[in-house]
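Enquirer: Below are the sequence and a predicted model for it; my questions follow.
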Amino acid sequence: MRNAMVGIVFGVLIIVVGLVLEGTIISQAASAGSHDNIGSFSGAKDLNDLVPLVYNAAVVVLGVGLIGISAKKAVQGQE
């Protein structure tokens with residue numbers, strides 16, 4: 001039960017820290033996208049626009065996944 005609670009706390013911390021760092025990620029992606037010579041191919045700017053989306057998806061999947069796995073362990077431990 002204790003390990004499950006620690007997992008839930010770590011999942012919440014991952015989400016909170018990820019959302020705090022989101023501002024830095026978005027500003028870095030925006031500043032890199034403002035340059036005309038961002039990449040050697042035409043889709044580089046479009047790929048750079050996906051960076052915040054991919055970052056947020058990774059943070060949510062990691063955090064919610066850890067919370068879900070830990071919650072399942074906590075529920076199974078009570079049975």
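Expert: Structure's in. What do you need?
Enquirer: Tell me the buried residues in the strand or helix carrying Gln28?
Expert: Per DSSP states H and E: Gln28 is located in helix 2-33. Neighbour-count burial for helix 2-33, counted by 16 or more other C-beta atoms under 10 Å, picks out Ala4, Gly7, Ile8, Gly11, Ile14, Ile15, Gly18, Ile25, Ala29. No exception for glycine: its C-beta is placed from N, CA and C like everyone else's.
Enquirer: can you put the residues you listed in CSV and add distance to Tyr55 and pLDDT?
Expert: CSV is the format used below for the buried residues of helix 2-33 (distance: C-beta to C-beta, whole Å; pLDDT from 0 to 100):
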residue, distance to Tyr55, pLDDT
Ala4, 27, 86
Gly7, 22, 90
Ile8, 22, 91
Gly11, 17, 94
Ile14, 12, 94
Ile15, 12, 95
Gly18, 8, 93
Ile25, 5, 88
Ala29, 9, 79
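Enquirer: Could you identify the most distant pair in those residues?
Expert: Pairwise distances across the buried residues of helix 2-33 peak at 35.6 Å for Ala4 and Ala29 (criterion: C-beta to C-beta).
Enquirer: coming back round to it: could you single out the nearest of the buried residues of helix 2-33 to Asp49?
Expert: Nearest to Asp49 out of the buried residues of helix 2-33 is Ala29 (C-beta to C-beta; 7.4 Å).
Enquirer: element containing the spatially most central residue of the chain, please.
Expert: Most central in the chain under C-alpha atoms, centre = their mean is Val59, positioned 1.5 Å from the mean C-alpha point. Using DSSP H and E, Val59 maps to helix 51-78.
Enquirer: How about that helix, which residues are buried there?
Expert: Going by neighbour count (16+ other C-beta under 10 Å), the buried part of helix 51-78 is Val51, Pro52, Tyr55, Val59, Gly63, Leu66, Ile67, Ser70, Ala74.
Enquirer: if I look at the residue nearest to Ile14 when sequence neighbours are not counted, how far off is Gly18?
Expert: Distances taken as C-beta to C-beta, 6 or more residues apart in numbering place Gly63 nearest to Ile14, at 4.1 Å, with adjacent residues excluded. Separation of Gly63 from Gly18 (C-beta to C-beta, to the nearest Å): 7 Å.
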